[in-house]
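Peer 1: missing the sequence, but the structure's below:
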């Protein structure tokens with residue numbers, strides 16, 4: 001199998017005259033999890049939205065296998081789990097899943113107990129944590145080559161966090177996954193490579209000591 005590569009280069013955006021991202025570069029290939037760390041408000045969510053195509057910056061170059069991608073969501077090559085709920089209310093979960101899930105892995109997805117329990121209900125009928133779990137599963141089992149996870153471990157229990165770490169690792173065998181979360185240890189544990197977003201720039205991180213060097217962690 002040949003592995004596709006997602007590249008994001010020269011990304012710049014400012015808000016109210018303040019540079020949030022300047023010349024940001026990252027790349028992620030199918031078969032790996034790229035962890036994106038950074039302090040609150042540094043622009044991690046904005047960067048993911050730019051890659052996905054829902055936020056327009058002053059400059060960007062996003063490509064998959066060298067082909068420019070303006071809005072990754074239009075052709076389904078990039079999927080995004082935002083911090084807020086994205087599944088619409090009032091529609092049965094089975095109907096939503098049929099639109100999103102890659103048919104090649106439908107049986108695997110449909111075997112999850114949370115889907116088995118609620119497939120004939122709408123998200124109005126379930127808790128916020130269950131809603132979040134279903135949204136994450138649908139993104140991870142979507143047809144997209146690349147998956148962006150923004151704070152995936154929020155609003156789920158510690159046991160579920162451990163379960164989803166395993167699911168992320170398994171899905172990354174055929175997908176490229178970029179994950180960010182303020183629980184940095186979870187990101188460290190699930191990632192193959194790490195990037196730190198700091199002062200508008202990305203910095204490759206080799207080990208936890210680098211996070212101290214660049215001021216993300218204190219001694």
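Peer 2: All right, it came through fine. From a predicted model like this one, the values you see are computed outputs, not experimental measurements.

Peer 1: Which SSE is immediately downstream of the helix or strand hosting residue 179?
Peer 2: Remark: residue 179 resides in strand 176-180, with elements defined by DSSP states H and E. Once strand 176-180 ends, the next helix or strand along the chain (criterion: DSSP H and E) is helix 184-190.

Peer 1: Show me which residues of that following helix are buried.
Peer 2: Judged by neighbour count using 16 or more other C-beta atoms under 10 Å, the buried positions of helix 184-190 are 184, 186, 187, 190. From N, CA and C alone the C-beta is placed, and that goes for glycine too.

Peer 1: With pLDDT and distance to residue 88 as added columns, please give those in TSV.
Peer 2: Listed next are the buried residues of helix 184-190 as TSV, based on pLDDT from 0 to 100; distance: C-beta to C-beta, whole Å:
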residue	pLDDT	distance to residue 88
184	91	32
186	95	28
187	96	29
190	97	28
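
Peer 1: Out of these, the closest to residue 178 would be?
Peer 2: Closest approach between the buried residues of helix 184-190 and residue 178, by C-beta to C-beta: residue 187, at 10.4 Å.

Peer 1: mind checking how far the closest one is from residue 181?
Peer 2: For residue 187, the distance to residue 181 equals 5 Å [C-beta to C-beta, to the nearest Å].

Peer 1: Over to residue 102?
Peer 2: 24 Å.

Peer 1: between these two, who's got more neighbours?
Peer 2: A direct count of neighbours by other C-beta atoms under 10 Å for residue 102 and residue 181 places residue 181 higher, at 20 against 16.

Peer 1: picking up where we left off before, check the model's average confidence along the strand holding residue 179 for me.
Peer 2: In this model, strand 176-180 has a mean pLDDT of 98.

Peer 1: where in this protein is pLDDT low?
Peer 2: 1, 219 (pLDDT under 70).

Peer 1: can you map out the helices along the chain?
Peer 2: 44-52, 93-100, 106-110, 113-118, 128-140, 158-171, 184-190, 208-213 (DSSP state H).
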